[in-house]
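J.: sequence and predicted structure, then a few things I'm wondering about:
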Protein chains: 2
Amino acid sequence: MSVDKELKIVLVGAGNLATQLASAMGDSGLRIAQVYSFSLSNSQLLAGKIGAEATDQLSQVCTDADLYIYAVKDAVLADVIRQIDAPQALHVHTAGSMRMDVFDGIQARYGVFYPLQTFSKERKVDFRCIPFCLEAKDSADLALLKTLASCLSDKVYEVNSEQRSKLHLAAVFTCNFVNRMYAIAHDIARDNDLPFDVLLPLIDETARKVHDLEPLAAQTGPAIRFDENVINKHISMLDDDRLKALYRLVSEDIYEAGNCN
Amino acid sequence: MSVDKELKIVLVGAGNLATQLASAMGDSGLRIAQVYSFSLSNSQLLAGKIGAEATDQLSQVCTDADLYIYAVKDAVLADVIRQIDAPQALHVHTAGSMRMDVFDGIQARYGVFYPLQTFSKERKVDFRCIPFCLEAKDSADLALLKTLASCLSDKVYEVNSEQRSKLHLAAVFTCNFVNRMYAIAHDIARDNDLPFDVLLPLIDETARKVHDLEPLAAQTGPAIRFDENVINKHISMLDDDRLKALYRLVSEDIYEAGNCN
């Protein structure tokens, strides 16, 4: 089943996710007709890249599109949805943590089109590996979303709102919190005239390892061995009280998980 | 400069690191004559793989080797060093967190041969990418260690005890703590009938990203945006008090780092 490439799509948002999604859709021959952002320069920047119209006025979002894809902050999503006047169209959001029923009572045809990945504006990612988590009120719209996602990715999943919120929670740990651990290590390296690069092979192998081993089996280091000498020495080496508390908490968690499960 | 392949080497230890190091040294044509472990079965298992002798008695460790490589738990290292009677030989440990001067007053020629990587017994790693952090009391021995490390890896660094202890602290964050984040996500996925595999592209991209961007610039997610709705919802979704505290602490740390640096 191939998607109708003449599907008229409006992208509501011009942030990291919207930027990368627009670029991937363009590469797949899908046509985004218009980009909205509350910032005109952002909407123009993105629209310019993909040959779309730009607007910063919700009242000027075109009303005859087939599909509206919302990639805005969670806090403003409900308000933005309410201002789009396209009652025949399919409306989907791209947020991990928002329930599908945010559309309920506002739009008639709706769903979720959630790519589980971390996006930065300037960094191109390979969409074919990105899991798309889909949900729709109606089965025909779900089928349309599946076809659309398949144009972009080889990994398409049907995931309900409850599961998606759990997946998003898991994603915060595997991405946002992991990146914070990298950042703390980066600061330690910088403060001691060590290049951060020296840690990259370790970062890569730690990520690769959980492709083959369950993370619990892959655990190494002083905490799993309950090596108190090292743990206490490390805590004393950290200047910041929050980092000391964090080191202690994660180490306790590693030790108990390794000895209870 | 090529290392003398007839260098007689004794490996003191048969754990994860010793196992992988022995295998890499074997592949490079280096000869390990004997493996010691306090567990006879472990020393026999590893010695059998590489055609070495095995012993579980420190008193039976041969006294005529050129190089003794210690890969034992930090807590027993000093005691083990004291029991090896080879005053002419070079003695090196492989620990991130132990100072070189653990050998002081016990052996005459000593140093550190620290591969910065996470090792599991059954998982082969590519040693050519592993940073070797070297230190030696004498410059001639440092040169020998550099030559030896170059047989195994393309990344050889001279790192003093102070810097190495910081590097080890940074490694705990980038590897052990990161892996714990993966494990927490694994549990969340399992408890909600979601395959852990769906998170792997995110794990990979998060690791790849910091090859090109500083971690602080790569940070995404609810904490950096201080999206309190999502943060509070996530904390309420976690059953365990330690995980709630951990979520809060890491989120605070992300937010403050993103807004202070």
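T.: Done, it's in.
J.: what comes into contact with stretch A:144-164?
T.: For stretch A:144-164, contacts defined as Cβ atoms under 8 Å, 6 or more residues apart in numbering or on different chains pick out A:1-3, A:7, A:24-25, A:28-30, A:67, A:90, A:92, A:96-97, A:99-101, A:111-115, A:127-136, A:142, A:167, B:192-194, B:198, B:201. Placement of C-beta: from N, CA and C, glycine included.
J.: oh sorry, the question was meant for stretch A:176-183
T.: Contacts of stretch A:176-183 from elsewhere in the structure, counted by Cβ under 8 Å, 6+ apart, are A:118, A:199, A:203, B:173-174, B:177-178, B:181-182, B:203, B:206-207, B:209-210, B:214-216, B:218-224, B:250, B:253-254, B:257.
J.: just the buried residues from the residues you listed, in PyMOL please.
T.: Selecting only the buried members of those in PyMOL, with burial defined as 16 or more other Cβ atoms under 10 Å in any protein chain shown, works like this:
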select buried, (chain A and resi 118+199+203) or (chain B and resi 173+174+177+178+181+182+203+206+207+209+210+215+216+218+219+220+221+222+223+224+250+253+254+257)
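J.: so which of the contacts of stretch A:144-164 sit within helices?
T.: When those are checked against helices (DSSP state H), the matches are A:A24, A:M25, A:L142, A:L167, B:P201.
J.: that older thread, so which of the contacts of stretch A:144-164 belong to strands?
T.: When the contacts of stretch A:144-164 are checked against strands using DSSP state E, the ones located there are A:67, A:90, A:92, A:111-115, A:132-136.
J.: if we check chain B, which of these are in contact?
T.: A:C133 (Cβ under 8 Å from any Cβ of the partner chain).
J.: rewinding a little: so which of the ones in helices among the contacts of stretch A:144-164 wins on neighbours?
T.: A:L167 (26 neighbours; other Cβ atoms under 10 Å in any protein chain shown).
J.: look at that residue and report its pLDDT.
T.: The predicted structure scores A:L167 at 97 on the pLDDT scale.
J.: cool, and A:D74?
T.: The model's pLDDT for A:D74 equals 89.
J.: from the contacts of stretch A:144-164, list just the buried residues.
T.: Neighbour-count burial within the contacts of stretch A:144-164 applies to A:3, A:7, A:24-25, A:30, A:67, A:90, A:92, A:96-97, A:99-100, A:111-115, A:127, A:130-136, A:142, A:167, B:192, B:194, B:198, B:201; the criterion is 16+ other Cβ under 10 Å.
J.: tally of neighbours for A:D212?
T.: Counted with other Cβ under 10 Å, A:D212 comes out at 11.
J.: leaving out the residues flanking it, which one is nearest to it?
T.: Using Cβ to Cβ, 6 or more residues apart in numbering or on different chains and skipping the chain neighbours, the partner closest in space to A:D212 is B:R123 (7.0 Å).
J.: list the contacts for that neighbour?
T.: Neighbouring residues of B:R123 by Cβ under 8 Å, 6+ apart: A:K209, A:D212, A:L213, B:Q20.
J.: and A:Q163, how many residues sit next to it?
T.: Taking other Cβ under 10 Å as the neighbour definition, A:Q163 ends up with a count of 17.
J.: so how far is B:L148 from it?
T.: Here the criterion is Cβ to Cβ, to the nearest Å. By it, A:Q163 lies 52 Å from B:L148.
J.: then A:E158?
T.: A:E158 is 55 Å from B:L148, by Cβ to Cβ.
J.: what ranges do the strands span in the stretch 101-250 of chain A?
T.: Along the stretch 101-250 of chain A, the stretches classed as strands by DSSP state E, counting those that start in this stretch are A:109-115, A:132-136, A:156-158.
J.: quick one, which of the ones you listed is nearest to A:D241?
T.: Evaluated over the strands of the stretch 101-250 of chain A, closeness to A:D241 peaks at strand A:109-115, with 36.9 Å, by Cβ to Cβ.
J.: neighbouring contacts of that closest one?
T.: Residues lying outside strand A:109-115 but in contact with it, judged by Cβ under 8 Å, 6+ apart, are A:17, A:21, A:69, A:88-96, A:98, A:100, A:103-104, A:127, A:130-138, A:141-142, A:145, A:148-149, A:152-153, A:159, A:161, A:164.
J.: ok, now with 7 Å
T.: Contacts of strand A:109-115 from elsewhere in the structure, counted by Cβ atoms under 7 Å, 6 or more residues apart in numbering or on different chains, are A:21, A:69, A:89-96, A:100, A:103, A:130, A:132-138, A:141-142, A:145, A:149, A:164.
J.: quick one on the thing from earlier: what would the strands of the stretch 101-250 of chain A look like in a markdown table with mean pLDDT?
T.: A markdown table is the format used below for the strands of the stretch 101-250 of chain A (pLDDT from 0 to 100):
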| stretch | mean pLDDT |
| --- | --- |
| strand A:109-115 | 98 |
| strand A:132-136 | 98 |
| strand A:156-158 | 96 |
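J.: distance check, the residue of chain A most remote from its centre against chain B.
T.: Ranking residues of chain A by C-alpha distance from their mean position (Cα atoms, centre = their mean) puts A:N229 at the top, at 38.9 Å. Noted for A:N229: a distance of 6 Å to chain B, by Cβ to the nearest Cβ, to the nearest Å.
J.: tell me the contacts of that residue?
T.: Contacts for A:N229 were tallied using Cβ under 7 Å, 6+ apart; they are B:D74, B:A75.
J.: what distance do you get for the closest residue to A:A75 other than its chain neighbours to A:K155?
T.: Distances taken as Cβ to Cβ, 6+ apart place B:N229 nearest to A:A75, at 6.4 Å, with adjacent residues excluded. Going from B:N229 to A:K155 by Cβ to Cβ gives 28 Å.
J.: got it, and A:A95?
T.: In terms of Cβ to Cβ, A:A95 sits 19 Å off from A:K155.
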